[in-house]
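Visitor: what follows is a protein structure lacking sequence information:
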């Protein structure tokens, strides 16, 4: 299964989320979109999931902590204990043997990030 992980700021727009997802590889073949639990109800994210025809997987912040990611944000590391919410959420949602097929990309306005992982989903 292929999962897009998204990280974003509170004021993110649908356009920014869409831009980040497209830059990471787009929505073709996605089984789900994943993000940290407290952001799963964001309106722009729900709109993107609807557009893509996939569910949103809310990943508890505690599950993201300690997931090793190829890209690193100091701010994210301090808050979540991982280098990238997008990468960690994608990996967590895609299953224990998941691998990233697209590392974190950032929207031009820097409010959204996206990464894509592939795994068995179990």
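Guide: Received the coordinates, thanks. Bear in mind the structure is a predicted one, so any value in this text is a computation, not a measurement.
Visitor: rest of the way, CA atoms for contacts and neighbours
Guide: OK.
Visitor: quick one: find the helix or strand in this structure with the lowest mean pLDDT.
Guide: helix 74-80 (a mean of 87; mean pLDDT, DSSP states H and E).
Visitor: residues near residue 88, how many?
Guide: When neighbours are counted by other C-alpha atoms under 10 Å, residue 88 registers 34.
Visitor: now the least confident helix or strand of the chain: buried residues?
Guide: Of the residues in helix 74-80, residue 80 count as buried by neighbour count, 16 or more other C-alpha atoms under 10 Å.
Visitor: the residue nearest to the spatial centre of the chain bridge partners, please.
Guide: With distances taken as C-alpha atoms, centre = their mean, residue 5 lies nearest the centre of the chain, 1.7 Å away. On the basis of DSSP bridges, residue 5 is bridged to residue 34, residue 115.
Visitor: any idea how far residue 113 is from it?
Guide: 8 Å (C-alpha to C-alpha, to the nearest Å).
Visitor: need the overlap of contacts for those two.
Guide: residue 86 (C-alpha atoms under 8 Å, 6 or more residues apart in numbering).
Visitor: residue ranges with poor pLDDT in this structure?
Guide: Residues of the chain that meet the criterion pLDDT under 70 lie in 122.
Visitor: can you pull out the strands in it?
Guide: Listed in chain order, the strands of the chain (DSSP state E) span 2-8, 30-36, 56-59, 99-106, 112-118.
Visitor: Throw those into TSV and include distance to residue 20, thanks.
Guide: Formatted as TSV, the strands of the chain follow (distance: least, C-alpha to C-alpha, whole Å):
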stretch	distance to residue 20
strand 2-8	8
strand 30-36	13
strand 56-59	16
strand 99-106	6
strand 112-118	5
